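# Quick one, what's the 3D model for this:
(2 chains)
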Amino acid sequence: MTPAGSLLEAVALHKVYGTTPALDGADFSLHAGEVVAVMGPSGSGKSTLLHVLAGIVRPDSGTVRYGDRELTALNDTARSALRRTDFGFVFQFGQLVPELTCVENVALPLRLNGVRRKEAERQARDWLERLEVEDIRGQRPGEVSGGQGQRVAVARALATRPRVLFADEPTGALDSLNGERVMTLLTDAARDTSAAVVLITHEARVAAHSDREIIVRDGIAREAVGAA
Amino acid sequence: MTLLDERRGGTHPAASGTPAPPAGLAAWARDLGMGLRFAAGGGREGWIRTLLTAVGVALGVVLLLGAASVPQLLQGRDVRGQARQIAADMPVKQSSSSLVAAEADSEFRGTRITGTLVRPDGPDAPAPPGVTALPRPGEMVVSPALKDLLASPDGALLRERLPYRITGTIADTGLVGPNELTYYAGSATLTTETEQGGHRIGSFGIDVGEATPSAILVVLIILACVVLLMPVALFIATAVRFGGELRDRRLAALRLIGADVHMTRRTAAGEALFGSLCGLLLGGLLFLVGRQFTGLVTLWDINAFPSDMTPSPALTVLIALAVPAAAVAVTLVALRGVTIEPLGVVRHATARRRRLWWRIPVPLIGLAMLLLSNRVDEGDAQVNPTVVAGGAVLVLSGITLLLPWTVEAVVARFKGGPVPWQLATRRLQLSSGTAARAVGGITVAVAGAIALQLFFSAVQSDFTSHTGQDSRRAQMSATLPSHDMSTIRKMLKEFRDTRGVRSTIGVIEASVTRPGPLRKGEEFAPSTTLTVGDCASLQELLHTGPCKDGDTFIVTDHTGTADDDYILETARPGASVLFHADPQSGKPVGKPRLWTIPKETRKVRARMDPSGSLAFGIFATPGAVDTSRFHEPTARAMLKVDPSVPDAAEHIRNTAARLDPLMQIITLHHTTRDQQFTSIRTGLLVGSTVTMALIAASMLVSTLEQLRERRRLLSVLVAFGTRRATLAWSVLWQTAVPVLLGLVLAVAGGVALGGGLLRMAGKSTFDWSAIWPLPLAGAGLVLLVTLLSLPPLWRMMRPDGLRSE
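Predicted structure coming up:
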């Protein structure tokens, strides 16, 4: 079981790529509805920590518990199912499917969960409206601006009402104004849906949207000094 | 100087004295050179892209060089084959430098064995090509392949047939191909009087010149070349576009530092040029290495020495120039539809619907060229190769032009559906050109194959003749090379006793002459054939009705080849005939040997025997005539073979060789095909196999390349829980939809092209059944490629792709 109140708990994570250690005994915990910023210099292991926490990558050693399940003990199918139902993802460049329209992109995770197309697209339109990009719903990602695309990506991540939203440098490719707006929309929407957020960033102004900050350096995660 | 420096020079007019940026050819050279440098120094991504292009182009170049070697391959085989022939029609006088030679060809488990018996007249008798000294009696020199076969357990049966001691190996110069089974055996008894044809020669070799193929065969050859090489050209055009999306991103960076659209296009062309040049080199190397192993491969009985695989110099130069030129041209055309902007943004130019109006005329003009060209069914018809090749190229090119329009028009109508279907159709809607290019090769190959198949089916009757042989009644036939009655009887018995012979139809034949002086108007004494066989054998030649030993029959000629009056002069019941008479005078030679045809001899009708001959004259069962009185009788044996006995035919050939190494055993066939027609069909099968393999390889590379470009996206889809099966189905649909449309077009285009060719050949036969296997084969190939692409897809769906995110 995770510690009282912890939704996601990682203990002593180790991960090596080739001969390079990415995680070297990292610990982490996340409470329901909490927004945690994970900060650190490039190559410190931030993204690897996110991938391991989300069950995308298996650690070489250590455990990740989500609720009463040990993520590291689940097989690929079970972890995939968990990502479909409980987790959401936002990446730096959005990574929208270029051939689908914006509304189809947002509806995609819902459809993967078995929601019928019309219903999925109706919900997707609601999310696009909430993220203030309803007007571009029929356009393809290549036809919209970076900020608009990133909002669509946030909508896609939240469409399944995940319990945990993993955001890897969600504003890294945006100017400060757009980045600020995306972060506000992301955290507001996450709080409205009670989703916890793991936010990878190296920007202090982005981290300012979080409840708590974790610093990752040389593969070890520590609570930021002075953090709440 | 960097590009930025150059641009600065061009954008600051105030900087007087700065040289103006190059223009025209100099600009081309500069930008192509820059593209070459980018490709060569583009880091890992750049090299992967270059490698993909190079491998693709190399595969095409190998095939093109292979095709360019065909003239040398055929000529080399012809020259070596003719150089060892026995010139039967140019006898020479016996001398110390002459020899007697006779062909003793055979067959072993479906493979032809070329054999020659030799007996030198003196010490200076020449050896055949590839042989240093003529073998002595009881010895033989053999090809390496035959030596290996005889030494292997598989060759045990053949060793019985060739019981000579091996004293040497035939060198390559004496062989048509490296896997050929050939031998020269020494004989002590061979003479020019040998029944089966011994010839005295002063040297080996004949010059038969080149046979001129018929106009229809010329059409077939041209069409085969077009059909086989067009997919290769398409494949090369596709290969130079590999990695285009990654390259476009790189070019966007160039735009950022001031390169204009034309410069980026030329730079992209330079990158493609580098890939194609690497491909050209790699292809050349692969060809050089691969040709060393050509001897190991036998396709439809054809194998070649490495030296035969020498491309024509002119064609080699053409390939070396055309491939890089095509790479540049294709890249420039491809980039017309892409707008590369600064800030790393690459947007496809405003989606412009593909137009149909200029695509339709291309195949129509091709078809019109074929329909309006000369008919080639007349005997002296001439073929204009340019018109035929041009027409076929235009029809097939038209199909490749119509394909992108068709794919775009059809997929635009797809809406909704399950997730894999939606992902696939949306991808096709966004980029139908990529999908159409990927299946262009298979579409053209199938269309061409359909046209060829229709043409083959329609004209094959022109090149197939009925032998009259009936392989249901007997499967093998031999003419016994003896005039000695006891030997003939022994031979017939040996065949009857051979393992695998179910029954024997054996007849002995001799000439009989009407006795007495020549009558008025006669130039020679009337004679006919007396055929002796048991009732079972005679019933295979005649409609005897009831038959018992001692019966005799008469048949007049039904074929018109003999004069019935002459036959009736001799073949009369109750009349006497001479067994040995001088044909000019009709007088008996030596003591008259007379036989009286029984009065009760019945006149019957002949029937076609299993070897396709229609006999006439006098027929007798053994009890009716004493065959020991015959003069120089001959005998024929037709054998019914037990198909359940393994190697029955080989046992029969062994018996024949034991009786006489020169005895010819013929396998009876209902029909025979023209050799040139068969050669072209064989060549086409060989070519089609290689082309299909190339198309499969190209589709696989193309699919993998597309997957590689979407690797990160695939990882993201997997990250948010997409099932692998969903993505696998999406890939399958993405391939299947354009393939299906391509095959529909291929059938339509193939039928149109085939129809045009049939009209040219004056044929109205349209064999629909010849069409369907080809699209099915194409679809099977696509399924195979999709299955082969699944393991890499599985690997790419690992989350590792997110690491750079």
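
# Just give the closest residue to the one residue in chain A that gets nearest to chain B, not the sequence neighbours.
Of all residues in chain A, A:Arg84 sits closest to chain B, at 3.0 Å by CB to the nearest CB. All C-beta atoms are positioned from the backbone trio N, CA, C, and that covers glycine. Using CB to CB, 6 or more residues apart in numbering or on different chains and skipping residues adjacent in sequence, the residue nearest A:Arg84 is B:Gly721, 3.0 Å away.

# Near the one you found, how many other residues are there?
By other CB atoms under 10 Å in any protein chain shown, 24 other residues sit near B:Gly721.

# just the one 3 residues further on next, same as before
One way to gauge burial is a neighbour count; for B:Arg724, by other CB under 10 Å, it gives 17.

# and if you look at B:Ile206?
Residues near B:Ile206, counting by other CB under 10 Å: 17.

# For B:Ala635, what is the enclosing helix or strand?
strand B:634-641 (DSSP states H and E).

# can you pull the contacts of the residue of chain A closest to chain B?
A:Pro109, A:Leu112, A:Asn113, A:Thr160, B:Phe720, B:Gly721, B:Thr722 (CB atoms under 8 Å, 6 or more residues apart in numbering or on different chains).

# First residue to last residue on stretch B:372-383, what's the distance there?
Terminal residues of stretch B:372-383 are spaced 12 Å apart (CA to CA, to the nearest Å).

# On the three-state scheme, the residue of chain A closest to chain B is what?
Under DSSP: H, G, I helix; E, B strand; the rest coil, the three-state class of A:Arg84 is helix.

# Any idea how far the longest strand seen in chain B is from the middle of the chain?
Longest strand in chain B by number of residues, with DSSP state E as the criterion: strand B:501-513. Centroid separation for strand B:501-513 versus its chain: 40 Å, with CA atoms, centre = their mean, to the nearest Å.

# Could you check the angle it makes with strand B:634-641?
160 degrees (axes from the mean of the first three to the mean of the last three CA atoms, to 10 degrees).

# Pull out the buried residues from strand B:501-513.
B:Val501, B:Thr504, B:Ile505, B:Gly506, B:Val507, B:Ile508, B:Glu509, B:Ala510, B:Ser511, B:Val512, B:Thr513 (16 or more other CB atoms under 10 Å in any protein chain shown).

# Out of the residues you listed, which is nearest to chain A?
B:Val501 (66.4 Å).

# what is that closest one paired to in the beta sheet?
Going by DSSP bridges, B:Val501 is paired in beta bridges with B:Val641.

# In contact with it, which residues?
B:Phe495, B:Leu639, B:Lys640, B:Val641, B:Asp642, B:Ala648, B:His651, B:Ile652.

# What score does it have for pLDDT?
pLDDT for B:Val501: 89.

# and what of B:Ile597?
pLDDT at B:Ile597 comes out at 90.

# coming back round to it: I'd like the next helix or strand past the longest strand of chain B.
Under the assignment DSSP H and E, the closest C-terminal helix or strand after strand B:501-513 is strand B:527-532.

# what sits up against whichever helix or strand comes after that next one?
With elements assigned by DSSP H and E, the helix or strand that comes after strand B:527-532 is helix B:535-538. Helix B:535-538 has contacts (CB under 8 Å, 6+ apart) with B:503-507, B:531, B:544, B:547-549, B:551, B:553, B:619, B:621.

# Compare the contacts of A:Arg84 and tell me which is most surrounded.
The most crowded member of the contacts of A:Arg84, judged by other CB under 10 Å, is A:Pro109 (27 neighbours).

# what's the nearest residue to A:Thr48 if we skip its chain neighbours?
With CB to CB, 6+ apart as the criterion, A:Thr48 has its nearest non-adjacent residue at 4.0 Å, and that residue is A:Ala22.

# Show the subsequent helix or strand relative to the strand holding B:Ala635.
Trace forward from strand B:634-641 with DSSP H and E and the next one is helix B:648-659.

# Between which two of the contacts of A:Arg84 is the distance greatest?
With CB to CB as the measure, no two of the contacts of A:Arg84 lie farther apart than A:Thr160 and B:Thr722, at 12.4 Å.

# The helix or strand hosting the residue nearest to A:Thr48 pairs with which strands?
According to DSSP H and E, A:Ala22 maps onto strand A:20-31. Within its sheet, strand A:20-31 is paired with strand A:6-17 (antiparallel), according to DSSP bridges.

# Now do the same for the residue nearest the centre of chain A: helix, strand or coil?
The C-alpha lying nearest the average C-alpha coordinate of chain A belongs to A:Phe166 (CA atoms, centre = their mean; 1.3 Å). State at A:Phe166, reduced to three classes by three-state DSSP: strand.

# thought it was touching A:Phe91?
No. The criterion here is CB atoms under 8 Å, and A:Phe166 misses it with A:Phe91 at 9.1 Å.

# so where's the stretch 451-600 of chain B shaky on pLDDT?
Counting by pLDDT under 70, the ranges of the stretch 451-600 of chain B that qualify are B:463-465, B:467-468, B:481-485, B:557-564, B:583.

# mind listing the helices for it?
Secondary structure of the stretch 451-600 of chain B (DSSP state H, counting those that start in this stretch): helices at B:485-496, B:535-538, B:564-570.
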